[in-house]
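1. Give me the fold of what follows.
(chains A and B, ligands or ions: 4)
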There are 2 protein chains.
Amino acid sequence: SRSKLIGDRSPVRRFNLNNVTITPDPIENQEVVLILTPMARFYQEYWDNLLNLDYPHELISLGFILPKNKEGNAATAALQAQVTKVQKGPLKNRFRSVVIERQDFDSPITSQDEGERHKMENQKVRRSSMSRARNSLLFTTLGVETSWVLWLDADIVETPPSLIQDLAAHDKPLIVPNCYQRYTDPETGKLAERPYDFNSWQDSPTAQEIAAKMDPDDIILEGYREMATYRSLMAYMADQGDEQHIEVPLDGVGGTALLVKADVHRDGAMFPPFPFYNLIETEGFAKMAKRLGWAATGLPNYKVYHYNE
Amino acid sequence: SRSKLIGDRSPVRRFNLNNVTITPDPIENQEVVLILTPMARFYQEYWDNLLNLDYPHELISLGFILPKNKEGNAATAALQAQVTKVQKGPLKNRFRSVVIERQDFDSPITSQDEGERHKMENQKVRRSSMSRARNSLLFTTLGVETSWVLWLDADIVETPPSLIQDLAAHDKPLIVPNCYQRYTDPETGKLAERPYDFNSWQDSPTAQEIAAKMDPDDIILEGYREMATYRSLMAYMADQGDEQHIEVPLDGVGGTALLVKADVHRDGAMFPPFPFYNLIETEGFAKMAKRLGWAATGLPNYKVYHYNE
Ligand SMILES: Nc1nc2c(ncn2[C@@H]2O[C@H](COP(=O)(O)OP(=O)(O)O)[C@@H](O)[C@H]2O)c(=O)[nH]1
Ligand SMILES: Nc1nc2c(ncn2[C@@H]2O[C@H](COP(=O)(O)OP(=O)(O)O)[C@@H](O)[C@H]2O)c(=O)[nH]1
Ligand SMILES: [Mn+2]
Ligand SMILES: [Mn+2]
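-> Ligands and ions are numbered 1, 2, ... in the order given. The predicted structure is shown next:
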């Protein structure tokens, strides 16, 4: 009843942010990780991979944001069914908490077809809308107890089970693995892999010159023939060796999988929905973090895999 | 016990942001207001004024952030004693929830003396640190249920009891009353009042020219003789009439008292700790909100009062 609820109101919660540690050994130190996923479609492979993460589930909070359209409704129903199953199942599989949000603004592009999504002229509107979705999710789920935020796209279908610990061990404010895609080579018929995400890069003089001549309201996009930036893309830095933990400094990051110390967000770093130094969304986020004193790191040989439509 | 806690984990919380209304009649619509206060010192007059707000307390969540220095420790103890008293007192006085955070970075200026605080060369460092404190508080307390955020400085000692409803009735994304200070006129010995906060202003061509010539890392400050901006200050727009609800458009806002629709923050609007269009903290926040499509409004004749040291 109402008055019971009021009687229950906790007298005061006091937090010392210094007591929330953010260390290279997050399991030992019982650090809470918030996994945030903007989700347009539900993929069972994403969910199965998430369940396979061997970071203790009682230290993982999940947050999702889904668009309010027909596809978003279907994805919400599928997600909710899976979440309910896990949260009612064996204790050790249950997550600390789960929040599912519906986005209260329209997605600008209704088609989720890969070709349509990637058209250059659609990118600014689309990525601005994605930024708002990410910010809304972040601002409403980040708590006092959160040590780490793992951004994980809904179409990342394969990662090492030790993803969180592996990334955290590097003790970096922002760290991003290399996002690839598996496919069947049409010539050989054999399974192969290719780079997928081109948003993790090191800046180039050419890109800076392009930016200097641009209107402050325009954005530089990566991976388009029409706009050659000559940036060094992490996508092409992977080599055959098994040095999984080689680090490279980055100026732009992608968000398909991205581990961030919660203090970076608490300082104010968000996903600019407007051009910020001619950058937007996750790339703008890396720039904003840099302005706040936090540098980005990439792991060219540490791979995660994107769904192949 | 631990396993009891795990057994209690709620299976799933689902939120539709569309169901959280943000309307000009927030009491009727049971809208939750989050009052956020960065606090260096505890003033009993602030607390008494807060308790006097006649917005239903069960719809008010409180969030505080205090520095980790000697003065901050004293303020935390005083605040916690008052909070505990209220939260254990009559149900109708209890707030929905209270969070007290301690800031885990140093305050750059130890002296809280008004003269020292306002020295021009101290402003950039000081306001950058204030921005981080505000962001940390915001990012960790804003929830899915929050409709409005009222920023209220710890030295605002007098407001109308209907402050929240009065401001919300204007239905604006950002709205700011005029912040004055009471004093005793040394000549007449009579009580008088004078403008206190000069951060709420309309931009001027002069200020824009100053900015155009400035290094992007510098900031324009308001209220300093060394830098005449010729901006129109809301501080000087008050008139003797009793038209309390006259509105003016603003380009910069102060944060002594400032009501913001939660969606503005959820979109990503925060307090830039770095120069953003040569603006910082609350003034930079107004600019960032504008970039996101949300304009600021001022109420020159609606007054709140700052403590007089
Ligand atoms: N909430 C929300 N999520 C979206 C929307 N569009 C895409 N997503 C999700 O955001 C992430 C990135 O989008 P995606 O289309 O895969 O980008 P791409 O792989 O870079 O082409 C994925 O997890 C999508 O499921 C949207 O409009 N709203
Ligand atoms: N958390 C925190 N709050 C502070 C700090 N310095 C000032 N404040 C609070 O922030 C608000 C604005 O600061 P104040 O010094 O009053 O600014 P002024 O009135 O513009 O000179 C007030 O509520 C202060 O109590 C700080 O270092 N940390
Ligand atoms: Mn994708
Ligand atoms: Mn003050």
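2. Can you show me the strands along chain A?
-> Counting by DSSP state E, chain A forms strands over residues A:13-16, A:32-38, A:60-66, A:97-102, A:146-152, A:156-158, A:174-184, A:191-195, A:201-202, A:232-233, A:248-250, A:257-261, A:296-306, given from the N-terminal end onward.
3. nearest to A:K290, of those?
-> Evaluated with C-beta to C-beta, the strands of chain A place strand A:296-306 nearest to A:K290, the distance being 7.3 Å. In short, each C-beta sits where N, CA and C put it, glycine included.
4. List the buried residues in that closest one.
-> Buried residues in strand A:296-306, counting neighbours by 16 or more other C-beta atoms under 10 Å in any protein chain shown, are found at A:A296, A:T297, A:G298, A:L299, A:P300, A:N301, A:Y302, A:K303, A:V304, A:Y305, A:H306.
5. what is the third one paired to in the beta sheet?
-> Read that as A:G298. Beta-bridge pairing of A:G298, defined through DSSP bridges, involves A:V176, A:V248.
6. Roughly how far does it sit from A:N178?
-> Remark: distance between A:G298 and A:N178 (C-beta to C-beta, to the nearest Å) = 7 Å.
7. Please identify the residues of the stretch 101-250 of chain A in proximity to chain B?
-> The stretch 101-250 of chain A comes close to chain B at residues A:101-104, A:131-132, A:135-136, A:138-144, A:146, as judged by C-beta under 8 Å from any C-beta of the partner chain.
8. who touches both of A:G298 and A:N178?
-> A:S200, A:M234, A:M237 (C-beta atoms under 8 Å, 6 or more residues apart in numbering or on different chains).
9. for chain A, what spans make up the helices?
-> Assignment of helices within chain A using DSSP state H yields the ranges A:2-8, A:44-51, A:70-88, A:114-118, A:120-141, A:163-168, A:205-213, A:262-266, A:281-291.
10. And the residue of the stretch 51-200 of chain A closest to ligand 2?
-> The minimum distance from the stretch 51-200 of chain A to ligand 2, using C-beta to the nearest ligand atom, falls at A:V144 (14.6 Å).
11. I'd guessed that residue sits against B:I100; true?
-> No: with contacts defined as C-beta atoms under 8 Å, A:V144 does not count as touching B:I100, sitting 10.0 Å away.
12. what's the closest non-adjacent residue to whatever residue of the stretch 201-309 of chain A ends up closest to ligand 2?
-> The shortest separation between the stretch 201-309 of chain A and ligand 2 is 12.9 Å, found at A:R266 (distances taken as C-beta to the nearest ligand atom). The shortest distance from A:R266 to any non-neighbouring residue, by C-beta to C-beta, 6 or more residues apart in numbering or on different chains, is to B:S136 (4.3 Å).
13. For that neighbour, the count of nearby residues, please.
-> Close neighbours of B:S136, defined as other C-beta atoms under 10 Å in any protein chain shown, add up to 24.
14. what's the lowest-pLDDT member of the residues of the stretch 101-250 of chain A next to chain B?
-> pLDDT is lowest at A:D104 among those; the value there is 76.
15. what about that residue, how many neighbours?
-> Neighbouring residues of A:D104 were enumerated by other C-beta under 10 Å; the total is 16.
16. where's it relative to A:R96, distance?
-> From A:D104 to A:R96 the distance is 26 Å (C-beta to C-beta).
17. Check A:T76 too.
-> Using C-beta to C-beta, we find A:T76 at a distance of 21 Å from A:R96.
18. same deal with A:K172?
-> Distance from A:K172 to A:R96, by C-beta to C-beta: 24 Å.
19. How many neighbouring residues does A:D203 have?
-> Applying other C-beta under 10 Å, we find 17 residues neighbouring A:D203.
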